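Enquirer: quick one, what's the 3D model for this:
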Amino acid sequence: MTLKPASAGNCLRAFGPRDLTSDGIYRSNATILLNADVGYQIGEKWRIAAEFLNLLDRKDHDIDYAYTSRITPPLRRHSQMFSTPLNRFRCDSH
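Expert: Sure, this is the predicted structure:
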């Protein structure tokens with residue numbers, strides 16, 4: 001069994017405030033996300049890895065979007081903004 005060199009990586013994702021609709025009625029806030037991972041390849045068949053998500057433990061949104069839908073009754077156009085929060089800090093292993 002040979003332990004090959006370790007692997008590591010990180011990802012910083014940053015978005016500033018931005019319009020979600022062309023008319024600017026709906027805007028998202030800034031989002032900053034920092035993730036990291038480490039791993040070891042053991043032999044040819046085994047790999048041990050851990051992924052660390054949201055290292056800054058921010059309470060930002062993972063995604064913001066706005067869309068127009070029809071609400072009945074009566075049929076009329078209605079716009080709404082939706083958000084999916086970031087996961088709180090967590091460590092996954094696989």
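Enquirer: show me the contacts for the residue most central in space within the chain.
Expert: With distances taken as CA atoms, centre = their mean, residue 62 lies nearest the centre of the chain, 4.3 Å away. Each residue near residue 62 by CB atoms under 8 Å, 6 or more residues apart in numbering is listed here: 31, 33, 84, 85, 86, 87. Every residue, glycine included, has its C-beta placed from N, CA and C.
Enquirer: below-threshold pLDDT in the protein: ranges please.
Expert: Scanning the chain for pLDDT under 70 picks out 1-4, 69-79, 88-94.
Enquirer: now with 80, please.
Expert: Applying pLDDT under 80 to the chain flags residues 1-4, 67-94.
Enquirer: now do the buried residues in the helix or strand encompassing the residue nearest to the centre of the chain.
Expert: Taking DSSP states H and E as the definition, residue 62 sits inside strand 61-71. Across strand 61-71, burial judged by 16 or more other CB atoms under 10 Å covers 61, 64, 66.
Enquirer: picking that back up, so which of the contacts of residue 62 are in helices?
Expert: The members of the contacts of residue 62 all map outside helices under DSSP state H.
Enquirer: please enumerate the strands of the chain.
Expert: 3-15, 18-19, 27-28, 31-42, 46-53, 61-71, 76-85, 90-93 (DSSP state E).
Enquirer: run through the neighbouring helices and strands of the second one.
Expert: Read that as strand 18-19. strand 27-28 (3 or more CB pairs under 8 Å, 6 or more residues apart in numbering; DSSP states H and E).
Enquirer: ok, the strand it packs on: who's next to it in the sheet?
Expert: Partner strands and pairing direction for strand 27-28 (DSSP bridges) are strand 18-19 (antiparallel).
Enquirer: run the chain-centre distance for the partner strand.
Expert: Chain-centre distance of strand 18-19: 17 Å, with CA atoms, centre = their mean, to the nearest Å.
Enquirer: can you list contacts of that strand?
Expert: Strand 18-19 is contacted from outside by 26, 27, 28, using CB under 8 Å, 6+ apart.
Enquirer: let's see 7 Å
Expert: Outside strand 18-19, the residues that touch it by CB atoms under 7 Å, 6 or more residues apart in numbering are 27, 28.
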